[in-house]
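1. Got a sequence here, can you model it:
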Amino acid sequence: MFLKSVEIRRDEYTDEREYPFSIPAIKALDKLHFHSNVTFLVGENGSGKSTLLEAIAYQCGFHTAGGGRNNEYEVDSSAAILGNAIRLSWMPKVTNGFFLRAETFYHFASYIDTLDADVLSNYGGRSLHHQSHGEAFLSLFKHRFGKKAIYLLDEPEAALSPARQLALMRVIKDLSADAQFIIATHSPILLGYPEAQILNFDEQPVEEIRYEDTLHYIVTRRFLENRKTVLQELFED
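-> Predicted coordinates:
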């Protein structure tokens, strides 16, 4: 494990009424400690988990629309506001890694297509645009990811079927002894990764939560075990 903690520097605040400092989880956050090679950030949409992940990517020197330290392409980004207000604690510091942002992956794939064949070989040797969204994600994970690095993944399940989410878990397992993963997700499958740290952004301050206590697990299990009852309750006038 390389990144030990992330801290918000209160002296860097502008106005807590302004975004992203107005987000309850960010407003209440002082310092987060990481004690596992695999950490998940969970919470409802707008809870701040992706915002914090982007800020960590910014401090790592990764492209905040997706990529590593050496990827440069033009896409609008707002992560610098919070990125300038956090401090990362490393032991030891690593410069290798990647930030996957599902919603801007198309732009990253277009950028890769402009590079030479040697670079493309690091992504499976085939244009990411010439694969399905899920295939492109897995090609990235299998060919671009390596050891002694930190990987920040923002909702990687967005393009992955349940079977391919399991394939991603295998990639994480193969690398996690020598790499660190911090993943913002809504996937109850990914959250089941053994011995992962799960941080709940629906609570202020952010706190650790057991897998079985996450809403993702509770809601999914209830639906699968009581589908007819859940749908009846949902659709009744």
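2. low-confidence ranges in the protein?
-> Along the chain, the model assigns pLDDT under 70 to residues 12-14, 70-79, 104-130, 132-134, 237.
3. rerun that using 90 as the cut-off
-> By pLDDT under 90, the weakly predicted segments of the chain are 1, 9-21, 63-84, 92, 95, 98, 100-147, 158-160, 237.
4. Determine the longest helix present in it.
-> Longest helix of the chain, by residue count under DSSP state H: helix 162-175.
5. centre of the chain versus it, how much separation?
-> Taking C-alpha atoms, centre = their mean, to the nearest Å, one finds the center of helix 162-175 at 14 Å from the center of the full chain.
6. Residue 211 contacts residue 200, doesn't it?
-> No - in this structure, residue 211 is not within contact of residue 200 by C-beta atoms under 8 Å, at 11.1 Å. No exception for glycine: its C-beta is placed from N, CA and C like everyone else's.
7. Among those two, which residue is more densely surrounded?
-> Between residue 211 and residue 200, counted using other C-beta atoms under 10 Å, the more crowded position is residue 200 (21 against 16).
8. Could you report the distance from the residue lying closest to the more buried one once chain neighbours are set aside to residue 196?
-> Nearest residue to residue 200, sequence neighbours excluded (C-beta to C-beta, 6 or more residues apart in numbering): residue 209, at 4.2 Å. The gap separating residue 209 from residue 196 is 11 Å, by C-beta to C-beta, to the nearest Å.
9. and if you look at residue 220?
-> Using C-beta to C-beta, one obtains 17 Å as the distance from residue 220 to residue 196.
10. Residue 159 too?
-> Summarising the geometry, the distance separating residue 159 from residue 196, computed by C-beta to C-beta, is 21 Å.
11. between those two, which one's more packed in?
-> In this view residue 159 and residue 196 are compared by other C-beta under 10 Å, and residue 196 has more residues nearby, 19 against 16.
12. Please state the backbone phi and psi of residue 198?
-> In terms of degrees, to the nearest 10, the main-chain angles of residue 198 are phi -120, psi 120.
13. out of everything not next to it in sequence, what's closest to it?
-> Residue 198's closest residue in space is residue 40 (C-beta to C-beta, 6+ apart), at 4.8 Å.
14. Which residues does that neighbour form beta bridges with?
-> According to DSSP bridges, residue 183, residue 198 are recorded as the beta-bridge partners of residue 40.
15. I'd assumed residue 191 was in contact with it.
-> Yes - contact between residue 40 and residue 191 holds when scored by C-beta under 8 Å: they sit 5.6 Å apart.
16. residues shared between the contacts of the two?
-> 185, 198 (C-beta atoms under 8 Å, 6 or more residues apart in numbering).
17. And the two? Which one has more around it.
-> Neighbours around residue 40 and residue 191, counted as other C-beta under 10 Å, are more numerous at residue 40. The numbers are 26 against 21.
18. Distance check, residue 102 against residue 61.
-> With the distance defined as C-beta to C-beta, residue 102 ends up 21 Å from residue 61.
19. Neighbour count: the two, which is higher?
-> Neighbour count, other C-beta under 10 Å: between residue 102 and residue 61, residue 102 has more, with 19 against 12.
20. Provide the secondary structure category for the closest residue to the more buried one other than its chain neighbours.
-> In space, residue 102 comes closest to residue 158 once its chain neighbours are excluded; the distance is 3.9 Å by C-beta to C-beta, 6+ apart. Recorded secondary structure, residue 158: helix (DSSP: H, G, I helix; E, B strand; the rest coil).
21. Since that was my last question, I'll sign off now.
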